[in-house]
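>>> Got a sequence here, can you model it:
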Amino acid sequence: MLKLLPALALALFMQPALAALDLNTATKDELVALPGIGPAKAQAILDYRTQHNGFQRVEELKDVKGIGAKRYEKLKAEFSVAPPRATAAPKPSRAESKPPRVASGEVKPGK
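Sure, this is the predicted structure:
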């Protein structure tokens, strides 16, 4: 049992390294860490992401300057595109969240 502990710990720490990198959240440093991506190509990916309001599909990587068909085929398994997060509706202001006040009691004429 004790011999399995280091292997289990290693597997847990390796899991994030094996996950595909989301093109819509990846940093320049994360992109540069991939094989075949240098600072210029990483910046081109970030520029494309900004200009097109993010990636909808991994295949769009082929549209990035400097990423050809061969490089795309080598890299496509390294990337993913997460579905866009649903934006939460804005919270109502304090005044909007309170029910309207209703006067209680009887209103006397003339006052």
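
>>> So which residues of the protein form strands?
21-22, 79-80 (DSSP state E).

>>> ok, residue 46 - contacts?
28, 31 (C-beta atoms under 8 Å, 6 or more residues apart in numbering). In this view, the C-beta of every residue, glycine as well, is placed from N, C-alpha and C.

>>> I'd like to know how far the residue lying closest to residue 30 once chain neighbours are set aside sits from residue 36.
Of all residues not flanking residue 30 in the chain, residue 21 sits nearest, at 5.9 Å (C-beta to C-beta, 6 or more residues apart in numbering). According to C-beta to C-beta, to the nearest Å, residue 21 and residue 36 sit 13 Å apart.

>>> returning to what we had before: wait, the residue nearest to residue 30 touches residue 32, no?
No: with contacts counted by C-beta atoms under 8 Å, residue 21 stays clear of residue 32, the gap being 11.3 Å.

>>> Correct me if wrong: residue 79 contacts residue 57.
No: Residue 79 lies out of contact with residue 57 (C-beta under 8 Å); the separation is 10.1 Å.

>>> can you tell me which of the strands of the chain comes nearest to residue 72?
With C-beta to C-beta as the criterion, residue 72 lies closest to strand 79-80 of the strands of the chain, at 9.6 Å.

>>> quick one on the thing from earlier: specify the beta-bridge partners of the residue nearest to residue 30.
residue 79 (DSSP bridges).

>>> Neighbours of it, how many?
Residue 21 has 16 neighbouring residues, counting by other C-beta atoms under 10 Å.

>>> Ok, residue 78 next?
19.

>>> where does the protein dip in pLDDT?
The model of the chain has pLDDT under 70 over residues 1-18, 84-111.

>>> quick one: the helices in it?
With DSSP state H as the criterion, the chain has helices at 4-18, 28-32, 39-51, 69-75, 94-97.

>>> residues of the second one that come out buried?
Read that as helix 28-32. Neighbour counts over helix 28-32 (16 or more other C-beta atoms under 10 Å) mark residue 31 as buried.
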